[in-house]
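>>> here is a sequence together with a model predicted from it:
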Amino acid sequence: MTRKQIAALVGVAPLNRDSGTWRGTRTVWGGRAQVRAVLYMAAVVAARFNPVIRAFYQRLCAKGNAKKVALTACMRKVLTILNAMLKSGTPWRGTVVQHA
């Protein structure tokens, strides 16, 4: 699956609630609730102890995002990393990528 498809399947993809000319906020909903609950706990632990996810979480919080929004982004990042690892058959490499 693509990263967008897997995020929608689990329920961490932002979906719109638009109707006609009205533009609603983008919210995260739907998907598999049990998988999302496990992914939430994994993201909480990763945001504290995994150097890659922790740097990502701190960067989002420093930018001004709410902590829950940053944690949801971490959930999606963990899911994307796991999906890529399964696709390529490679093990986890814990290198921190510096963003400009």
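Yes, it's here. Numbers count the residues shown, from 1 in each chain.
>>> got the contact list for the residue nearest the centre of the chain?
Note on the chain: the residue nearest the mean C-alpha position is R76, at 1.6 Å, using Cα atoms, centre = their mean. Applying Cβ atoms under 8 Å, 6 or more residues apart in numbering, we find R76 in contact with A7, V12, A13. (Each C-beta comes from the backbone N, C-alpha and C, glycine too.)
>>> at 10 Å instead, please
R3, K4, I6, A7, V10, V12, A13, P14, V28, L39, A43 (Cβ atoms under 10 Å, 6 or more residues apart in numbering).
>>> next one, pLDDT for it please.
R76 carries a pLDDT value of 90.
>>> tell me which residues of stretch 36-47 are tucked away?
By neighbour count on 16 or more other Cβ atoms under 10 Å, the buried set for stretch 36-47 is R36, L39, Y40, A42, A43, A46, A47.
>>> what sits up against it?
Contact with stretch 36-47 is made by 10-12, 28-32, 50, 52-58, 60-61, 67, 70-79, 81-82, as judged by Cβ under 10 Å, 6+ apart.
>>> at 6 Å what do you get?
V10, G11, I53, R54, Y57, L71, C74, M75, V78 (Cβ atoms under 6 Å, 6 or more residues apart in numbering).
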